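**Student:** Sharing a model that was predicted from the sequence below.
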Amino acid sequence: MNGSELTPAESTDDRGSSNPSSFLAQITGAKVSVKLNSGVEYRGDLQCVDGYMNIALETTEEYVDGILKNKYGDVFIRGNNGMNLIFG
């Protein structure tokens with residue numbers, strides 16, 4: 001792991017406790033992959049995540065069964081879609 005990558009355990013708030021929100025803030029702008037329960041996967045640049053796990057991506061590609069189906073500029077994914085967020 002290089003010095004610029006952080007794991008959630010290394011992200012701490014001002015009290016020194018582990019905080020997923022601060023980790024997500026630190027990876028804003030990074031390439032991520034978001035896989036929905038439906039199996040559709042979106043890959044793009046993470047722009048923001050809110051408290052409901054709503055996710056905004058830029059320069060996004062949509063993959064279905066591993067095949068590129070569409071390219072979008074901006075994508076907003078509602079947090080209630082049951083998803084996995086993969087950094088890197």
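**Tutor:** It's in.
**Student:** ok, which stretches of the chain are helices?
**Tutor:** 20-26 (DSSP state H).
**Student:** got the buried residues for the helix or strand of it with the lowest mean pLDDT?
**Tutor:** Scoring the helices and strands of the chain by mean pLDDT, DSSP states H and E places helix 20-26 at the bottom, with a mean of 77. Judged by neighbour count (16 or more other CB atoms under 10 Å), helix 20-26 contains these buried residues: Phe23, Leu24. For the C-beta atoms, the positions are set from N, CA and C on the backbone; glycine is no exception.
**Student:** Quick one: list the elements packing against it.
**Tutor:** Applying 3 or more CB pairs under 8 Å, 6 or more residues apart in numbering; DSSP states H and E, we find helix 20-26 packed against strand 41-49.
**Student:** Sheet partners, orientation included, of the strand it packs on?
**Tutor:** According to DSSP bridges, strand 41-49 forms sheet pairs with strand 31-36 (antiparallel), strand 55-64 (antiparallel).
**Student:** Could you dump those into a markdown table and include distance to Tyr72, mean pLDDT and mean neighbour count?
**Tutor:** Shown next, in a markdown table, are the strands paired with strand 41-49 (distance: least, CB to CB, whole Å; pLDDT from 0 to 100; neighbours: other CB atoms under 10 Å):
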| stretch | distance to Tyr72 | mean pLDDT | mean neighbour count |
| --- | --- | --- | --- |
| strand 31-36 | 13 | 94 | 18 |
| strand 55-64 | 5 | 96 | 17 |
